[in-house]
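Curious how this folds, go ahead:
(one chain, ligands or ions: 1)
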Amino acid sequence: MPRRRRHIRWDRILIVAIPLILLILLCSRCGKDEQEPKEPAAETTAAVVQDTTAPAQPAIVEDTFIVVLDPGHGGKDDGSTNRDKTRFEKNDNLNLALATRDALQKYPKVTVLMTREDDSFPSLDERCEFANQANADLFISLHRNAASEGNGVEIWVNSGDENDMDTLLAEYIMELLESKGISRNRGIRKGFRGESSNNDAEGGYYVNRHTNMPSCLVELGFMSSDIDNQNFDNKLIDYSEAIARAVVELGSDNGLYHEPLPN
Ligand SMILES: [Zn+2]
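Residues are numbered from 1 along each chain as shown. Next comes the predicted model:
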């Protein structure tokens, strides 16, 4: 018995095949759409877990003058000490920064951000990244010096930087600090102190080098100087008000801060 040749029912095949092909095409696109956002963004892959305490994400109020205060050292890093090692630079830096924040917040439309608000230890890179992400207008690192002898205030700016706002910022701060009484004006200095470990090969303190906005590093007296320690303790509020005033005056004179300044 001859086998009956079966008709191939193309119509039925196509009825099934076409929606199937469409479905496969659609799913392959859906898969792409779902996967793309899951690829890690550059920012998250750059977040390296270290033995440090990164500053929290800054809370920024729109249309304000953004000032980052960076109390040097912290946590496991004491910074310098007084002669009998009972006093740590990290604590003085933090106290000065907290007082300066209070003084700055008396001016309207200023946002003050701190790289640390307690005895934590953000890395230098985290401090810079924090300020850069906040798109801050100014960055001021607060430190105290130490040496076998010497006293007075010096302010450091980046040596290789053509941005004169750094020097201007340092000059404003120095002038007003001096008006409150300091043991000696050691000047605005470029680069970094030779024996410092907080520098990199390009000739400036790391925080001055790696922040995108005008910046300076204030060394407010020597931990190793009794007269500087006395001044620091007696004039903490005066010094913090001087730094705050210098910051808003510089901002006002250079189009960064638009509120009228009280006399
Ligand atoms: Zn220091």
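
Now for the chain, the helix or strand with the poorest mean pLDDT.
The weakest-scoring helix or strand in the chain, judged by mean pLDDT, DSSP states H and E, is helix 42-46 (a mean of 26).

Downstream of that helix, the next helix or strand is which one?
Taking DSSP states H and E as the definition, the helix or strand that follows helix 42-46 towards the C-terminus is strand 65-71.

Say whether the ion is contacted by that next one.
No. No part of strand 65-71 sits near the ion under the criterion C-beta under 5 Å from the ion; the closest distance found is 9.5 Å. Using the backbone N, CA and C atoms, a C-beta is placed for each residue, glycine as well.

helices and strands around whatever helix or strand comes next after that strand, which ones?
Later in the chain than strand 65-71, the nearest helix or strand by DSSP H and E is helix 89-104. Of the remaining helices and strands, those touching helix 89-104 by 3 or more C-beta pairs under 8 Å, 6 or more residues apart in numbering; DSSP states H and E are strand 65-71, strand 110-114, strand 138-145, helix 236-253.

Adding mean neighbour count, mean pLDDT and distance to G152, write those out as a markdown table.
What follows is these, written out as a markdown table (neighbours: other C-beta atoms under 10 Å; pLDDT from 0 to 100; distance: least, C-beta to C-beta, whole Å):
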| stretch | mean neighbour count | mean pLDDT | distance to G152 |
| --- | --- | --- | --- |
| strand 65-71 | 27 | 98 | 20 |
| strand 110-114 | 21 | 97 | 26 |
| strand 138-145 | 27 | 98 | 8 |
| helix 236-253 | 21 | 98 | 13 |
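
Just the pLDDT for L169.
On the pLDDT scale, L169 is placed at 97.

Quick one: closest of the helices and strands packed on helix 89-104 to L169.
When these are compared by C-beta to C-beta, helix 236-253 sits nearest L169, at 5.5 Å.

Number of residues surrounding S120?
The number of residues packed near S120 is 17, by other C-beta atoms under 10 Å.

For it, give me its contacts.
Applying C-beta atoms under 8 Å, 6 or more residues apart in numbering, one finds that S120 lies in contact with T53, G74, G75.

And for the nearest residue to it once chain neighbours are set aside, the neighbour number?
Nearest in space to S120, with sequence neighbours left out and distances taken as C-beta to C-beta, 6 or more residues apart in numbering, is T53 at 3.6 Å. Burial of T53, expressed as a neighbour count using other C-beta under 10 Å, amounts to 17.

T53 contacts E117, correct?
No. The criterion here is C-beta atoms under 8 Å, and T53 misses it with E117 at 10.5 Å.

What parts of the stretch 101-250 of the chain come near the ion?
Close to the ion, as judged by C-beta under 5 Å from the ion, the stretch 101-250 of the chain has residues H143.

what bridges to the residue of the stretch 101-250 of the chain found nearest the ion?
For the stretch 101-250 of the chain, the nearest residue to the ion under the criterion C-beta to the ion is H143, separated by 3.4 Å. The bridge-partner assignment for H143, based on DSSP bridges, gives E219.

who's in contact with it?
By C-beta under 8 Å, 6+ apart, the neighbours of H143 are G72, H73, G79, E89, N93, L217, V218, E219, L220.

how close does it sit to R209?
The span separating H143 from R209 equals 15 Å under the rule C-beta to C-beta, to the nearest Å.

and if you look at G191?
To R209, G191 is 10 Å away according to C-beta to C-beta.

ok, the two, which is more surrounded?
Here G191 and R209 are set side by side on neighbour count (other C-beta under 10 Å), and the busier one is R209, at 20 against 17.

and the more buried one, what pLDDT?
Reported pLDDT for R209: 89.

That one against V157, yeah?
No. In this structure, R209 sits apart from V157 without contact. The criterion is C-beta under 8 Å, and the distance is 10.4 Å.

follow-up on the earlier one: the residue nearest to S120: what's it in contact with?
The neighbours of T53, taking C-beta under 8 Å, 6+ apart as the test, are G75, R116, S120, F121, P122.

Brilliant, that's me finished.
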